[in-house]
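Student: below: sequence and its predicted model.
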Amino acid sequence: MKLVDYFFRALEVILVFLLAGMTLMVFANVVLRYGFGSGIDISEELSRFFFVWLIFLGAIVAMRHNMHMGFDLVVTTASEPVRRVLLTVANGLVLAVCLMVLWGTLSQFHVNATNIAPVTRMSMAWVFGVLIPMSALIGLMAGLRMIGYATGRLTGVPTSGRGIPE
């Protein structure tokens, strides 16, 4: 396995822990609230934060495995040179959006850093800061794919590497 494979495997393990933690907190809170008339104050806030991280870290893993939804009718019916151009442009657009998200996140970071969550007393920069690695890593993958399609090193229609029926 390459280093990048270990990185994505670690990211998948983090996703498992986030989902398990979120599920346990919500379940425990529901049982306590309806069964015993009390609850865990921190669980509502932390489960929401876990969900935000789960979504954005999951988007990174989904990008790596080509699992994002896409409309590929035009790409699959196009000739190879046209397909390469379309995929180059598509990945260029993804890169542009990621750069805008990264720029917006960095410009708003100081605002979120001063906002404090009411129960956990955590800086909201910990919650919204996940947009930095998400936009940087998805942008990096899109940029590398864009270069690959533009130079001809990548060909064909991207498929999911997870054995999911296309």
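Tutor: Good, I have the coordinates. If you're wondering where the values come from, they're calculated on a predicted model, not measured in any experiment.
Student: tell me the domain ranges of the protein?
Tutor: 1-69, 70-154 (automatic domain parsing).
Student: TSV for those domains, including mean neighbour count and mean pLDDT?
Tutor: No exception for glycine: its C-beta is placed from N, CA and C like everyone else's. Compiled in TSV, the domains of the chain are given as follows (neighbours: other Cβ atoms under 10 Å; pLDDT from 0 to 100):
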stretch	mean neighbour count	mean pLDDT
domain 1-69	14	93
domain 70-154	15	92
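Student: contact partners of stretch 14-30?
Tutor: 39-40, 43-44, 46-47, 50-51, 53-54, 57-58, 61 (Cβ atoms under 8 Å, 6 or more residues apart in numbering).
Student: cutoff 6 Å now
Tutor: G39, I40, S43, S47, F50, F51, W53, L54, L57, G58 (Cβ atoms under 6 Å, 6 or more residues apart in numbering).
Student: same check, this time on stretch 142-160
Tutor: Outside stretch 142-160, the residues that reach it (Cβ under 6 Å, 6+ apart) are 65-67, 75-76, 84, 87-88, 91-92, 94-95, 166.
Student: now, the residues you listed that are in strands?
Tutor: Counting by DSSP state E, the contacts of stretch 142-160 place none of their members in strands.
Student: as CSV, these with distance to V157 would be great.
Tutor: Output for the contacts of stretch 142-160, formatted as CSV (distance: Cβ to Cβ, whole Å):
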residue, distance to V157
H65, 14
N66, 9
M67, 14
V75, 6
T76, 6
R84, 11
L87, 8
T88, 13
N91, 13
G92, 17
V94, 16
L95, 19
E166, 9
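Student: inside helices: which ones of those residues?
Tutor: V75, T76, R84, L87, T88, N91, G92, V94, L95 (DSSP state H).
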